[in-house]
Every structure is written in structure tokens, then in C-alpha cells.
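# show me the folded form of this:
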Amino acid sequence: MSTDFRSQESDRKELGGSAPKIIVAIDGPAGAGKSTIARHLARHFGLLNLETGAMYRAFALKVLRTGLALDEWSAADLQRLAGETIIHLVPTSGENRVFLDGEDVTGELRNAAVTDAASRVSVFPPIRAWMVRLQQQMGSAGGVVMEGRDIGTVVFPHADVKIFLDAAPEVRGMRRFEQMGAGQRGAKAEQQPEEVIRELRERDKRDRNRADSPLKPAEDAVVLDSTDMTLAEAVKAAERIVEARLA
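Residues are numbered from 1 along each chain as shown. Okay, the predicted model is just below:
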């Protein structure tokens, strides 16, 4: 897999000037609100927001477009497909724009089928190894907020700030259901909240129990449980964590 990133310094200039050279790592399970909080922290502190999950979803979309069922793929097959894939991630003041083989696929990456496929292909060690190297390349200059599943444990174990964002599965499932409009769910427009929660639990199990880079808090991470928080409260709590490090 190859990736084309514009220089981080040019991106910072476009997004509003210089930024502190820190690395903020945000990890956590699906539906915890990592993307929302990462976007806010990037704007608030003048950092680049690099959503690594978008990279996995872009590759998963490519896999789905082949028409083959996910259980028909071996690690070697996925590795060959990755070698034929170009992912171009362009950070902006909002969400990242993601290009797959030259096509802007940003609007397709939150589809439920793509999200589920990303969780499935991410368990293959060759794919994770490629992604980790690319993510390290992206954040090597600092001044970034990077969110995912293993940023603080594997990608940047020496990150300046590590937040493990969590919430009860039922809460995360309902948040995800409320975010999923009929246009995003597509064929799953009739999906009930219970189904979303069940699928999220299954993804949690895959993420937490995979042999390579399992989902878990880094030993020095601050665990932020937003089960009983509003979004505004969770955002403020994350701000305070970063401010304490900057201070």
C-alpha cells in the first residue's frame, strides 16, 4: 500500500499557523466519540487531526468493491491488494478528505458495511503492519491529534498525551444508532438499536481479542469514560487533559 500525504508544515499553514509539536493519541472502542473529540482538540489547540480509522475504512472499501466475501480473503491476498492501492489523506479544518486510488470516497466511509469490513481486515497482521508504518510517518513531525485503536500502545507509545476514550456498550451503541441516518445505513435503514449494539459488541470482541495490537489502554493513558457525560462535558474533560500536559 502506498500513501500520499502533503507535508505537515504546509497543512499547518493552511489550517491556521504553527502548532505545538506534541502528539496527542486518542484510543478507544467504536462509538466512543474519538473522531468528534479529536476534531475539536485539533481546532482548539491548532493541531492536525489525522483519523487513522479512515485509512482502514478506505482499504476495506476497496476490498468490498472487488465483490468477494470477506471470508474468501487470505492475508496474502489482502497484502497483494494493498500493494495495488493508493490512499491519499488530506487533513482539513474539519474532517479528513480521503482519496482511494484518486477518487474522493470520504462520503462512503461511514457506511455500516464499510465500518464492519474495516474491523475485519484490520485483524490481519500484514495490513496492520503497513498501517502502523504509514501512521508513524504521518505523525512523525508532531503537532497532531491521532485517533484509533492502538495509537498510544503501538503507533506512538511515547506520545505526549494519551487518552483512552470509553463508554458503556449500550451508550455507544445508541450514539452510533442516532448518528446513522437512513442515507448512511443504506440497506440497513430498518436496523434497530438492539442490532447496532449487538454488532458493536461483536466488534469490541474482535478488537480487544485480536493477537496483533489488541485494543487496550496504554499504561500511562488517561481513561476518559463518557458513559454519564454529555458530549460537551466529554470535550471539556479532554481539553483539560491536554492543557495539563501543555502546562
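
# please, where are all the helices along this protein?
With helices called from DSSP state H, the chain shows them at 8-15, 34-45, 52-65, 75-83, 112-121, 125-139, 169-179, 182-185, 193-209, 231-246.

# reformat those as JSON lines; add mean neighbour count.
For the C-beta atoms, the positions are set from N, CA and C on the backbone; glycine is no exception. JSON lines is the format used below for the helices of the chain (neighbours: other CB atoms under 10 Å):
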{"stretch": "helix 8-15", "mean neighbour count": "15"}
{"stretch": "helix 34-45", "mean neighbour count": "20"}
{"stretch": "helix 52-65", "mean neighbour count": "22"}
{"stretch": "helix 75-83", "mean neighbour count": "15"}
{"stretch": "helix 112-121", "mean neighbour count": "20"}
{"stretch": "helix 125-139", "mean neighbour count": "18"}
{"stretch": "helix 169-179", "mean neighbour count": "18"}
{"stretch": "helix 182-185", "mean neighbour count": "13"}
{"stretch": "helix 193-209", "mean neighbour count": "16"}
{"stretch": "helix 231-246", "mean neighbour count": "15"}
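
# could you find the closest non-adjacent residue to the residue nearest to the spatial centre of the chain?
Among the residues of the chain, the one closest to the centroid is Gly53, at 2.8 Å (CA atoms, centre = their mean). Nearest non-adjacent residue to Gly53, counting by CB to CB, 6 or more residues apart in numbering: Gly148, 5.7 Å away.

# against Ile197, how distant is Lys62?
Distance, Lys62 to Ile197, using CB to CB, to the nearest Å: 28 Å.

# for the residue nearest to the centre of the chain, give me its contacts.
Applying CB atoms under 8 Å, 6 or more residues apart in numbering to Gly53 gives the contacts 34-35, 118, 147-149.

# export those to a markdown table and tack on pLDDT and distance to Gly102?
A markdown table is the format used below for these (pLDDT from 0 to 100; distance: CB to CB, whole Å):
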| residue | pLDDT | distance to Gly102 |
| --- | --- | --- |
| Lys34 | 92 | 28 |
| Ser35 | 88 | 24 |
| Ala118 | 93 | 20 |
| Glu147 | 93 | 25 |
| Gly148 | 90 | 24 |
| Arg149 | 89 | 27 |
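
# redo these as JSON lines? Include distance to Leu89.
Formatted as JSON lines, these follow (distance: CB to CB, whole Å):
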{"residue": "Lys34", "distance to Leu89": "16"}
{"residue": "Ser35", "distance to Leu89": "14"}
{"residue": "Ala118", "distance to Leu89": "15"}
{"residue": "Glu147", "distance to Leu89": "13"}
{"residue": "Gly148", "distance to Leu89": "13"}
{"residue": "Arg149", "distance to Leu89": "17"}
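
# ok, of the residues you listed, which one's closest to Gly46?
Nearest to Gly46 among the contacts of Gly53, counting by CB to CB, is Glu147 at 16.9 Å.

# wait, the closest one touches Gly33, no?
No: assessed by CB atoms under 8 Å, Glu147 is found out of contact with Gly33, at 9.8 Å.

# more crowded one of these two?
Glu147 (29 against 26; other CB atoms under 10 Å).

# measure that one to Gln135 for me?
Using CB to CB, one obtains 11 Å as the distance from Glu147 to Gln135.
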